[in-house]
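**Student:** Take this sequence and fold it.
(one chain, ligands or ions: 1)
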Amino acid sequence: MGDHLIRFGIIGAVGRGGSFTRSLTANPGASITALCDIRAERLEASAAELEVEHTFADAEAMLDSGVIDAVVVGTPMQFHASQSAMALERNIHVLSEVTAGVSVEECHSLVLAARRSSARYMMAENYIYQKSMVLVTELARRGLFGELYYAEGAYIHELKELNERTPWRRRWQTGVNGCTYPTHSLGPVLQWFAGERVTAVCAVGTGHHYRDPRGDCYEMEDSVTMTCRLTSGALASIRVDMLSDRPHNMGHHVLQGTDGSFESADGFRGVPKIWLRSRSEKPQWEALEELEEEFLPDFWKRPPAEALKAGHGGGDYWQVQDFVTAILEDREPPIGIDEAMDLTLPGLVSQASIAQGSTWVAVPDSRNWV
Ligand SMILES: NC(=O)c1ccc[n+]([C@@H]2O[C@H](COP(=O)([O-])OP(=O)(O)OC[C@H]3O[C@@H](n4cnc5c(N)ncnc54)[C@H](O)[C@@H]3O)[C@@H](O)[C@H]2O)c1
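**Tutor:** Okay, the predicted model is just below:
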C-alpha cells in the first residue's frame, strides 16, 4: 500500500479542517503531509502534534509545493469554490466542506474547473452517512416506501454567539436571506429520491425577531423554508434556522411514500420511527432500529471503532473512506461535482426566490453547463 498512499493537505487545518485528521490518519490509503491555515501559532502546534512536516500560511503555496496529491478544503464557505478550483486546475483531488460555493457564478466556474481536471472532486456532505439515513436510503432503494412523493429536512442550529467568533458566518450564513446552509437537510433527501434533483424552489421566511450584538437585524429571516419541486413532481420542504432561541436539532427528517413513512428522532427522548405497509397493513409505528438486522448495509453493521468515535454520527469517517476509495479505484465519488451542485444550487436560488417575494424560481442543472 505504501506506494499508493495519497498525500493529503488540509486548508483551514486549525478549524473544521482539523476534524478530518483522525479519519485520514485511520485510513491506510492516506497520509497527511501538509497543513495550511492563516493562524500561524496554532498551525505549528497542530503540525507538531500530528507530526506533519510541511506547513503553509497560503493555500496556493501549498497547492504548488508538490507535496500533496489531494486537499481537504475546510475553510469558511466563501473560500470553498475558489480554493477547490485552484486545486483542480493543478490536478489535485478535492474534498470540500459544504456548501460547494456561495454564488451560482462561482459554482459555474467550479464545475468547469472540475470538468477540465483529471482530479476528483467530492463535497463532504456527512449527514448522508449517518446510520439512520443510510438505512432509510436502503429501504427507499428497495422500493419499500412505494412511490416517494414528500420529504422534509431541517437544520435548526442557533448560532448567534458562534457568528461573533466566526464572523464569516455573520456574512455568509445569517447575512444573506434564504436557505444559506441547506446541504445537511437536502443531502439525505436526494439520496432517497435517487436520480432526482430539485428543479425549482419557492422560499419563505418568518421575519426578524432577533438582533446581533451591534443592534443590527440579521439579513436572514429567523427561519427560512424552501419548498423544493423534484424531477418527478415530488415535494421536499427544507428549513434552515440559525437564529431562533431554542435547543438545537440539526437532523430533522421525514419521508413519505405510498407504502411507508419515516420520521427522525428529533433529538429528545424519541427514536427514529417507521411504518412500512409490507411489515404491517395497519399504519402503526415501529422503531427504525428493528429493521437494521435485515436491511442495514454491511459497512454500518460492523463499523470500525474510528467510525463510532467520528463526529456527526460517523459521517466524518465514512466520507473520508469513500473519497479515498474513489481516488484509489479511479471512480466518481458519491457526492461528485454534479451531486454537490444538486445540494448547493437550490439554496443559492432560494435567495432569488425570497428576494422576488417568494416566487418559484428554476434551479439550473449543472450537467448542462458549458
Ligand atoms: N459538515 C459539517 O458538519 C461542518 C461542521 C462545521 C463546519 N463546517 C463547515 O466547515 C467550514 C469551516 O467552518 P469552521 O467552523 O471550522 O470555521 P472556523 O472559522 O472556525 O475555521 C476556519 C479555519 O480556516 C482558516 N482560514 C480562514 N481563511 C483561510 C485562508 N484563506 N487560508 C487558509 N486558512 C484559512 C481559519 O484560520 C480557521 O482556522 C465552513 O464552511 C462550515 O460550514 C461543516
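
**Student:** need the residues of the stretch 101-250 of the chain near the ligand, please.
**Tutor:** 126, 166 (CB under 6 Å from any ligand atom). Any C-beta I mention is one placed from the backbone N, CA and C, and that applies to glycine too.

**Student:** Contacts only, for whichever residue of the stretch 101-250 of the chain sits closest to the ligand.
**Tutor:** Per CB to the nearest ligand atom, Thr166 is where the stretch 101-250 of the chain lies closest to the ligand, at 4.0 Å. Contacts for Thr166 (CB atoms under 8 Å, 6 or more residues apart in numbering) come out as 15, 76.

**Student:** and the residue in the stretch 201-350 of the chain that the ligand sits nearest to, which of the three is it?
**Tutor:** Nearest to the ligand in the stretch 201-350 of the chain, going by CB to the nearest ligand atom, is His312, at a distance of 5.0 Å. Each residue gets one of three states, and His312 gets coil by DSSP: H, G, I helix; E, B strand; the rest coil.

**Student:** so it makes contact with Met133?
**Tutor:** No: in this structure, His312 is not within contact of Met133 by CB atoms under 8 Å, at 10.7 Å.

**Student:** more neighbours, those two?
**Tutor:** A direct count of neighbours by other CB atoms under 10 Å for His312 and Met133 places Met133 higher, at 22 against 18.

**Student:** quick one: contacts for the more buried one?
**Tutor:** 127, 188, 191, 253.

**Student:** Please enumerate the strands of the stretch 201-350 of the chain.
**Tutor:** Under the criterion DSSP state E, counting those that start in this stretch, the stretch 201-350 of the chain contains strands at 223-230, 235-241, 249-257, 260-263, 273-276, 286-287.

**Student:** Tell me which stretches of the stretch 101-250 of the chain form helices.
**Tutor:** 104-116, 131-141, 160-165, 167-172, 183-192 (DSSP state H, counting those that start in this stretch).

**Student:** For the second one, list every residue counted as buried.
**Tutor:** To tie it back to what came earlier, the one meant is helix 131-141. 131-140 (16 or more other CB atoms under 10 Å).

**Student:** I'd assumed Glu158 was in contact with Arg169.
**Tutor:** No: Arg169 is not in contact with Glu158 according to CB under 8 Å; the separation is 12.0 Å.

**Student:** Settle it for me: which of the two has more neighbours?
**Tutor:** The neighbour comparison of Arg169 against Glu158 (other CB under 10 Å) goes to Arg169, with 20 against 16.

**Student:** OK, contacts around the residue lying closest to the more buried one once chain neighbours are set aside?
**Tutor:** Closest residue to Arg169 apart from its sequence neighbours, by CB to CB, 6 or more residues apart in numbering: Asn163 at 4.7 Å. Applying CB under 8 Å, 6+ apart to Asn163 gives the contacts 169-170, 173-174, 212.

**Student:** among the strands of the stretch 201-350 of the chain, which is nearest Gly336?
**Tutor:** strand 223-230 (19.2 Å; CB to CB).

**Student:** Could you pull out the buried residues of that closest one?
**Tutor:** Under 16+ other CB under 10 Å, the buried positions of strand 223-230 are 223-230.

**Student:** before we move on, what about stretch 274-292?
**Tutor:** So stretch 274-292, judged by 16+ other CB under 10 Å, has buried residues 274-277, 288, 291.

**Student:** residue of the protein with the smallest distance to the ligand?
**Tutor:** For the chain, CB to the nearest ligand atom, closest residue to the ligand: Gly15, 2.1 Å.

**Student:** hmm, back to that, could you dump the contacts of Met133 to a markdown table with neighbour count and pLDDT?
**Tutor:** A markdown table is the format used below for those (neighbours: other CB atoms under 10 Å; pLDDT from 0 to 100):
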| residue | neighbour count | pLDDT |
| --- | --- | --- |
| Tyr127 | 23 | 96 |
| Pro188 | 25 | 98 |
| Gln191 | 22 | 98 |
| His253 | 25 | 98 |
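
**Student:** how about the nearest residue to Gly313, chain neighbours excluded?
**Tutor:** Gln130 (3.7 Å).

**Student:** shouldn't the one you found be in contact with Asp316?
**Tutor:** No: checked against CB under 8 Å, the pair Gln130 and Asp316 is beyond contact range at 10.4 Å.

**Student:** Contact partners for the residue nearest the centre of the chain?
**Tutor:** Geometric centre of the chain, nearest residue: Glu125, 2.6 Å, by CA atoms, centre = their mean. Residues near Glu125 by CB under 8 Å, 6+ apart: 98, 183-184, 187, 319, 335, 340, 343.

**Student:** and what of Thr325?
**Tutor:** So Thr325 contacts Gly29 (CB under 8 Å, 6+ apart).
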